[in-house]
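Peer 1: task: produce atomic coordinates for the following.
(2 chains)
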Amino acid sequence: MPYRIMIACVIVEVAMVASPAQYRSKEIRLFRYSRDSGSRKAKLYEDRYAEVARNINESLPSCAVTEHTDEPVYDLRRMSRSLDMMYNLVVREHPDCEILANVSSGPSEFAAALGIFSYLHPRVVLFKGKMVTYLMLNIGNPIESTNIARGLHMNQRTVGRYLAVAQGACKFYRADRYDLRSTALGPTPKHYVVDPGLRNNAVGMASKDRGRVLENIVYLELRRREYDTIVGKWDSREGLSRILRR
Amino acid sequence: MIQSWASGIPGKVCLGYYDDETETRELASLRAIKDNNPKTVILMDYSVETVTRDGIRELGVTDFLLGEQ
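Peer 2: Predicted coordinates:
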């Protein structure tokens, strides 16, 4: 098994910075940077970093955490240069290493630097959260947190939190499902991605689920026209939607 | 809000009718609703707007996106 190193950026907006328990990385390099050290904002970032480091230590005690505080994560050029230098040092030390880069963990400049980094070095693998990829693959499908938890070997409560964070981060819209006859709320809502381009990026253009993408587009258009849209079923028939103008 | 659903417009999205069986299946859920609300199916590969015998409007996705209603 190759020596796995994970790269991620700690910012307060991202809930899941690193998941070493899933990826079995031996080492995690966490980037964080604050422009004005000593300020209240810097303190917030420090606390967030401490929280992330503590979570990693709890879930995988043998994993070494290295902190990088000197590289400005919002500066694409300097970040790209720093990543290159880090890569050279790491490869010298571990010639068989594999580098996993969490592309969804930092600001857009950090993500762009990781993108360039992965193009230049074939050992670098970009990854996104498994949850997000799962949701992107299953847009327009009823999503049950117990099924996700079982499929991804995660805690059901954690899955619930992820779903809430994904909606709060404006990545997905949640459409509740109702029985249209009895007006009872169904247990499994559907999720639609806010931009099908995000889905293409996450799961690739080769995806053959044209029906789901079409459903997503129609849902977005109905939202744009300020309709309230619910997804419902009539008796045992699934897939009906009922729209209601605001 | 739940009470007001009765006045909502039922609709459905599907890729297309590739055979009679698919068409029957896709329209069955709308046919099951016995009310007078207009019902619409939005289809991917459909260029002409049509209405079925039982009043279900069939509309291409392009027309839907370009239209205002």
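
Peer 1: which parts of the longest helix seen in chain A are buried?
Peer 2: Secondary structure of chain A per DSSP state H: the longest helix is helix A:40-59. Of all the residues in helix A:40-59, those buried under the rule 16 or more other C-beta atoms under 10 Å in any protein chain shown are A:45, A:48, A:49, A:52, A:53, A:55, A:56. Any C-beta I mention is one placed from the backbone N, CA and C, and that applies to glycine too.

Peer 1: the strands in chain A, which residues?
Peer 2: A:4-9, A:27-31, A:64-68, A:98-102, A:124-127, A:172-175, A:177-179, A:190-193, A:227-234, A:237-245 (DSSP state E).

Peer 1: check which helices and strands the third one sits against.
Peer 2: What that stands for is strand A:64-68. strand A:27-31, helix A:40-59 (3 or more C-beta pairs under 8 Å, 6 or more residues apart in numbering or on different chains; DSSP states H and E).

Peer 1: packing partners for the longest one?
Peer 2: Going back to what we said before, that points to helix A:40-59. Packed next to helix A:40-59, using 3+ C-beta pairs under 8 Å, 6+ apart, are helix A:20-23, strand A:27-31, strand A:64-68.

Peer 1: what's the mean pLDDT across the longest helix of chain A?
Peer 2: Throughout helix A:40-59, pLDDT has a mean value of 82.

Peer 1: how far is that helix from where the chain is centred?
Peer 2: 19 Å (C-alpha atoms, centre = their mean, to the nearest Å).

Peer 1: now swap in stretch A:61-68 and tell me
Peer 2: 21 Å.

Peer 1: touching it from outside, list them.
Peer 2: Contact partners of stretch A:61-68, identified using C-beta atoms under 8 Å, 6 or more residues apart in numbering or on different chains, comprise A:20, A:25-32, A:49, A:53, A:56-57, A:82, A:86.

Peer 1: selecting buried members of these in ChimeraX, what would you type?
Peer 2: In ChimeraX, this line selects whichever of these come out buried by 16+ other C-beta under 10 Å:
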select /A:20,25,26,27,28,29,30,31,32,49,53,56,82,86
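
Peer 1: tell me which two in the contacts of stretch A:61-68 are the farthest apart.
Peer 2: A:57 and A:82 (24.6 Å; C-beta to C-beta).

Peer 1: what ranges do the strands span in chain B?
Peer 2: B:9-14, B:39-43, B:50-51, B:56-60.

Peer 1: so which elements touch the third one?
Peer 2: What it means is strand B:50-51. Going by 3+ C-beta pairs under 8 Å, 6+ apart, strand B:50-51 lies up against strand B:56-60.

Peer 1: sheet-wise, list the partners of the strand it packs on with their directions.
Peer 2: strand B:39-43 (parallel), strand B:50-51 (antiparallel) (DSSP bridges).

Peer 1: quick one: low-confidence ranges for the chain?
Peer 2: As the question left the chain open, I've gone with chain A. A:12-23, A:127-130, A:151-153, A:169, A:180-185, A:205-208, A:234-246 (pLDDT under 70).

Peer 1: wait, chain B
Peer 2: B:1-8, B:68-69.

Peer 1: max-length helix in it?
Peer 2: From DSSP H, the single longest helix across chain B is helix B:20-31.

Peer 1: measure how that one sits relative to strand B:39-43, angle-wise.
Peer 2: On the basis of axes from the mean of the first three to the mean of the last three C-alpha atoms, to 10 degrees, helix B:20-31 is oriented at 140 degrees to strand B:39-43.
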